[in-house]
Structure formats: structure tokens, C-alpha cells
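>>> sequence plus predicted model, see below.
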Amino acid sequence: AQKVTQAQTEISVVEKEDVTLDCVYETRDTTYYLFWYKQPPSGELVFLIRRNSFDEQNEISGRYSWNFQKSTSSFNFTITASQVVDSAVYFCALRTSGTYKYIFGTGTRLKVLA
Amino acid sequence: DSGVTQTPKHLITATGQRVTLRCSPRSGDLSVYWYQQSLDQGLQFLIQYYNGEERAKGNILERFSAQQFPDLHSELNLSSLELGDSALYFCASSVGTGGTIVDTQYFGPGTRLTVL
């Protein structure tokens, strides 16, 4: 079965704190893709990153970083020195190479307090 | 502005009715994706079209259908509407099939459907 679990429903941090959003996935496919999306209070969806299953290199983009570990089936997202503008719901998703379907987690609501 | 347009922004209709949601992808993008976001079901992938052909199918109900036209715009048709179909429907587009590292998805602002 394909599944994405975001166990953290809501996280609150104070501005400038670092925060990590967890994502655990399940798939039997050997080739798959993992994604993170951001949905700010305004409602639009924003694509953040895509990672292929055969590329376990971590990625850093400014204050954002992603840690992909196949051994634990996790693809965690860290925001360094959080800002109020980071307040949003963050979704992790899995896309399998066989069916090309996207499976989303339930999202983590991040509140960054000034 | 992502460059993806969706119309209408809001739609209110009654149970049993049929509606059509429209999506225009970014210039040059060949793939269109449809997603549904509701309080009950969360965010769900419905369907993807690439250059006019169906590429991937998600949890799309039989009452729903979609197509991508030669000018690459797409329409999502929802029929025999039920209260549970009330949701935000997003469209996204990307250059390719979604299978390359550069295949960023750009999302439209969504169509909010309310079924009364």
C-alpha cells in the first residue's frame, strides 16, 4: 500500500526558532518521487521540492532544507530561523513510478509566532 | 501569479447538478493536473493530462470526468453533484510529464465549489 504520514498535525514555534516537519512514507515501488508543498493562509498551493528515490542527497535552499532517508522511509523538512511568513500548512506527497498517482499526507499546520 | 488560471473562482450549485471547471496552464506547459481539497478527504490527486492524453488517474469518481483540449486548456466536469463534493478544486501545470527533476508544478488559485 502507498501511504504518507505526517504525524504532526500542528506545530507552533517562536520566530527565529528552527523547526522540522516530519514525513514518513510507505511504498513497495523502487522508483518513486517525494514532494513538499506549502499552502499559506491565502489558500494557494506552492510547490517546494521534488526528490527522486534514487537520489538521497540532502537539499538546502536558503532557510529550507530536506533530509531524505530511505532506510527510515522519511523525507523531513527543516526551516531554519523561522519567520512569520512561514506560517502555512505543509503537505508531503508521494508519487509512484508505476501509476503516477500522487498520495498526500494530511498536512502539518505550522504557526510561527512573532 | 503562477500563470495558471482557473475559472470560475467560486461556484454555488445544488445537489444533482452538473458543473464544469476550467483551467488554462502556463504558456508552454503540456501537463495539467487536477486536485481536490476538502475537509473530509484532505488533498487528493484526481487526474493528470499530458499533451491531450490522460497520463495518471487518482481518486477520481466516476461522476467526474476531465479532458485536455488541443489548445492545452483543461476542463473538469462534475455531475450528479452531492454535498460531499463541496471542496476547493486546484489545477496545476508543468512543462513535462512530471517525471523529470525540472518538472515544477505551478498551481492555479483554485475554484471553490459549494453544493447546497
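Looks like it came in fine.
>>> please report how far A:Val13 lies from B:Leu61.
The gap separating A:Val13 from B:Leu61 is 39 Å, by CB to CB, to the nearest Å. For glycine as for every other residue, the C-beta is placed from the backbone atoms N, C-alpha and C.
>>> so is the helix-or-strand element of chain A with minimal mean pLDDT next to chain B?
Least confident helix or strand, chain A: strand A:59-61 with a mean of 84, by mean pLDDT, DSSP states H and E. No - remark: strand A:59-61 sits outside contact range of chain B, by CB under 8 Å from any CB of the partner chain, the gap being at least 10.9 Å.
>>> number of residues surrounding the nearest residue to B:Ile60 once chain neighbours are set aside?
Closest residue to B:Ile60 apart from its sequence neighbours, by CB to CB, 6 or more residues apart in numbering or on different chains: B:Leu46 at 4.4 Å. Neighbour count of B:Leu46, defined by other CB atoms under 10 Å in any protein chain shown: 22.
>>> now the one helix or strand B:Leu46 maps to: buried residues?
Of the helices and strands defined by DSSP states H and E, B:Leu46 is found in strand B:42-50. Within strand B:42-50, the residues that count as buried by 16 or more other CB atoms under 10 Å in any protein chain shown are B:43-50.
>>> what do you get for stretch A:98-114?
Within stretch A:98-114, the residues that qualify as buried are A:100-105, A:107-108, A:110, A:112, counting by 16+ other CB under 10 Å.
>>> picking up where we left off before, any chance of the buried residues of strand B:42-50 in CSV with pLDDT and distance to A:Phe68 as columns?
CSV is the format used below for those (pLDDT from 0 to 100; distance: CB to CB, whole Å):
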residue, pLDDT, distance to A:Phe68
B:Leu43, 93, 21
B:Gln44, 94, 24
B:Phe45, 94, 21
B:Leu46, 96, 27
B:Ile47, 95, 27
B:Gln48, 94, 24
B:Tyr49, 95, 29
B:Tyr50, 93, 26
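>>> just checking, B:Ser86 touches B:Ser38?
Yes - using CB atoms under 8 Å, B:Ser86 makes contact with B:Ser38 at a distance of 6.9 Å.
>>> those two - which one has more neighbours?
Of the pair B:Ser86 and B:Ser38, B:Ser86 is the one with more neighbours under other CB under 10 Å, namely 18 against 15.
>>> ok, that one - contacts?
By CB atoms under 8 Å, 6 or more residues apart in numbering or on different chains, B:Ser86 lies in contact with B:38, B:113-115.
>>> report the beta-bridge partners for the nearest residue to it once chain neighbours are set aside.
Spatially, and ignoring its direct neighbours in sequence, B:Ser86 is nearest to B:Val115 (4.8 Å; CB to CB, 6+ apart). On the basis of DSSP bridges, B:Val115 is bridged to B:Thr13.
>>> quick check: the gap between B:Val115 and chain A.
Separation of B:Val115 from chain A (CB to the nearest CB, to the nearest Å): 19 Å.
>>> OK, contacts around that residue?
B:13-15, B:17, B:81-86.
>>> closest to chain A among the residues you listed?
Of all those, B:Ser86 has the smallest distance to chain A: 15.1 Å, by CB to the nearest CB.
>>> can you pull the contacts of residue 72?
Because you didn't say which chain, this covers chain A. By CB under 8 Å, 6+ apart, the contact set of A:Thr72 is A:Val24.
>>> wrong one, chain B
Applying CB under 8 Å, 6+ apart to B:Leu72 gives the contacts B:24-25, B:29-30, B:32, B:51-52.
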